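# Return atomic coordinates for the entry below.
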Amino acid sequence: MQHVRVQHELVSALQTISYGIIAALAMFLFFRAGSLPTSRWEPMSAGAFPRIIFLSISILCLLAVAVDLFKQGWPKLSLSHAMHRLRRLKLVLLNLALFIAYVVVMPWLGYIVSTFAYLLLAQATMIPKRLTRMMVAVAVALIFSAGPYYLFADVFNIYLPRARLAG
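Prediction:
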């Protein structure tokens, strides 16, 4: 019974923390959307709708944090037990870190390079390290990084981020 209570407290604490993280990220994106270009002919800027959405997400997540804290109070979970449980999620956390790095470096490296690197590293963390499987991972990363880039550019005339290296 003790194990179930501790597991419930951990899930509850992680849920509350995730609401806070999502709220913070939504506010970051809210401010980033404000830098989208404006049109002289449109009454609202290109960032108006995304800003409304991100602000709404942030407010809803902050309300969820408040409701969780009101209903359950501060999490009563030892840090050592929480860290032990989180270590079991190391693959998930590693891939989350890779995705965050992917989003951060895309403006500088461009879509093709950053997507290729992300897909290759993400696959390398999950597949057995055999030559044939790594060759397939390289092929998949190449196809799914260059393919969508040229599809969007040539078919839809939408240009994904290009490399913007310092120089």
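
# Could you list every helix and strand that the helix or strand containing residue 24 packs against?
If you go by DSSP states H and E, residue 24 is part of helix 2-33. If contacts are counted by 3 or more CB pairs under 8 Å, 6 or more residues apart in numbering; DSSP states H and E, helix 2-33 sits against helix 48-72, helix 79-87. To be clear about C-beta, it is placed using only N, CA and C from the backbone, and glycine gets the same treatment.

# Name the stretch among those that sits most buried.
Per-residue neighbour counts averaged over each of these give the maximum for helix 48-72, namely a mean of 15 (mean count of other CB atoms under 10 Å).

# So what touches that helix?
The contact list for helix 48-72 (CB atoms under 8 Å, 6 or more residues apart in numbering) reads 12, 15-16, 19-20, 22-24, 26-27, 29-30, 33-34, 36.

# go on, stretch 95-112?
Here stretch 95-112 has contacts from 114-115, 117-118, 121-122, 125-126, 145-146, 148-149, 160-166, using CB under 8 Å, 6+ apart.

# just stretch 157-167 next, same as before
With contacts defined as CB under 8 Å, 6+ apart, stretch 157-167 is touched by 106-111, 113, 148-149, 152-153.

# Please list only the buried members of those residues.
106, 109-111, 113, 149 (16 or more other CB atoms under 10 Å).
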